[in-house]
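**Q** Provided below are the primary sequence and the corresponding predicted coordinates.
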Amino acid sequence: METYDLARLAIAQHSQSWSLSFSKARLMIVSDHGTRQWYIEIDGINDADLLHRFAESEHIDVRMKATTIGGKELEGQGFFHPNPRHRAAAIRGDGQLAGYEAP
């Protein structure tokens, strides 16, 4: 498993987009039997309205753009799973993560 701390993270859905303010966000990439999956854990999200919006919606698909602490730009599609009570969320990747190259 590879992990990358994120400096910036933005999500978009249809014509709306949000630049997330967070205390910590980490991208995890898991390789297993020739397949690769990715997800992001986000803590300390300040936008309670955004968390509640997704918690109450059946439509949680998002486009994601992220920048790692090291400056790597990444993009992908995923599903935004909010946890309003803990001011946290996870994005479960769906498909390729553009900008990622396996070491």
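**A** Yep, it's here.

**Q** where do the helices sit along the protein?
**A** 48-55 (DSSP state H).

**Q** where does the most far-flung residue of it relative to its centre sit relative to E2, distance-wise?
**A** The C-alpha centroid of the chain is most remote from H33, which lies 23.5 Å away (Cα atoms, centre = their mean). Separation of H33 from E2 (Cβ to Cβ, to the nearest Å) stands at 16 Å. The C-beta positions use only the backbone N, C-alpha and C, and glycine is treated the same way.

**Q** same thing with G78?
**A** 17 Å.

**Q** for the spatially closest residue to I11 that is not a sequence neighbour, what are its contacts?
**A** If the residues on either side of it in the chain are set aside, I11 comes closest to V62, at 4.3 Å by Cβ to Cβ, 6 or more residues apart in numbering. By Cβ atoms under 8 Å, 6 or more residues apart in numbering, the contact set of V62 is 11-13, 77-80, 91.

**Q** What's the separation between V62 and E2?
**A** When V62 is compared with E2 (using Cβ to Cβ), they lie 22 Å apart.

**Q** Tell me where the model's unsure across the chain.
**A** Residue ranges of the chain with pLDDT under 70: 103.

**Q** ranges for the strands of it?
**A** With strands called from DSSP state E, the chain shows them at 2-13, 16-19, 24-32, 35-43, 61-68, 73-83, 88-98.

**Q** closest one to D49 among those?
**A** Counting by Cβ to Cβ, D49 lies closest to strand 16-19 out of these; the figure is 9.8 Å.
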